[in-house]
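Visitor: Sequence first, predicted coordinates after that:
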Amino acid sequence: MPVKVGINGFGRIGRLVLRQALKNPNIQVVAINDPFIPTDYMAYMLKYDTVHGRYPGSVVEGKDHLSVDGEEIAVFGAMEPKDIPWGSSGADYVVESTGVFLTEEKAAPHLAGGAKKIVMSAPSKDHTPMFVLGVNAEKYTSDMDFVSNASCTTNCLAPMAK
């Protein structure tokens, strides 16, 4: 049974999260939220990435969803996490990739929408623990509802410096 994931923010990081999740049978992206990007442009940016190249599968946009390789992904356009209905799509985990909601207090409203865990894709700005694979991931415990994956720079350099 794959883990059901929602992505908040469909910029560079959100699109890369989706691309990687699509390669992993243990992850199913069920929803994307971005109030600034219509589904036709989401589909275009996913299909034609200037750095990572063309997406090799099928991408079709609908009014309120994307269909990627035949799998439907709900699309929402809420500005605030409290207004995103993650539960309606079954998302248990939310990747917070807007770069805006980087404290537990700001990210907590995702839980009201039905999410169970939040993974911030940028350094947290409070006590939220940060994890880097190859450095301290073994310190993660399942009772943590909010975690940060630190920064892209940290993820590149810290494993080498360890």
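Guide: Perfect, I can see it now.
Visitor: any idea which helix or strand of the chain has the worst average confidence?
Guide: helix 152-161 (a mean of 75; mean pLDDT, DSSP states H and E).
Visitor: Would you map the helices across the protein?
Guide: Ranges of helices in the chain, per DSSP state H, are 12-22, 39-47, 86-89, 104-107, 109-112, 152-161.
Visitor: ok so, going back, quick one, the least confident helix or strand of the chain and helix 12-22 angle?
Guide: For helix 152-161 against helix 12-22, the angle by axes from the mean of the first three to the mean of the last three CA atoms, to 10 degrees is 60 degrees.
Visitor: Could you pull up the residues touching Tyr140?
Guide: By CB atoms under 8 Å, 6 or more residues apart in numbering, the contact list for Tyr140 reads Pro129, Phe131, Val147. In this view, the C-beta of every residue, glycine as well, is placed from N, C-alpha and C.
Visitor: Generate a ChimeraX selection restricted to the buried subset of these.
Guide: Command for ChimeraX that selects the buried part of these, burial taken from 16 or more other CB atoms under 10 Å:
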select :131,147
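Visitor: With pLDDT and distance to Asp34 as added columns, please give the contacts of Tyr140 in CSV.
Guide: Putting these into CSV (pLDDT from 0 to 100; distance: CB to CB, whole Å) gives the following:
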residue, pLDDT, distance to Asp34
Pro129, 97, 26
Phe131, 95, 25
Val147, 97, 22
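Visitor: and which of the contacts of Tyr140 is nearest to Asp83?
Guide: Closest approach between the contacts of Tyr140 and Asp83, by CB to CB: Val147, at 23.0 Å.
Visitor: Does the closest one touch Phe131 like I think?
Guide: Yes. Under the criterion of CB atoms under 8 Å, Val147 makes contact with Phe131 at 5.9 Å.
Visitor: and Glu138, how many neighbours?
Guide: Residue neighbour count, defined by other CB atoms under 10 Å, stands at 8 for Glu138.
Visitor: any idea how far it lies from Val29?
Guide: 26 Å (CB to CB, to the nearest Å).
Visitor: need the strands for this structure, in chain order.
Guide: 3-8, 27-33, 48-49, 53-54, 59-61, 65-68, 71-76, 93-96, 117-120, 146-148 (DSSP state E).
Visitor: between these, which one is nearest to Lys106?
Guide: Comparing those by CB to CB, strand 93-96 comes nearest, at 8.9 Å.
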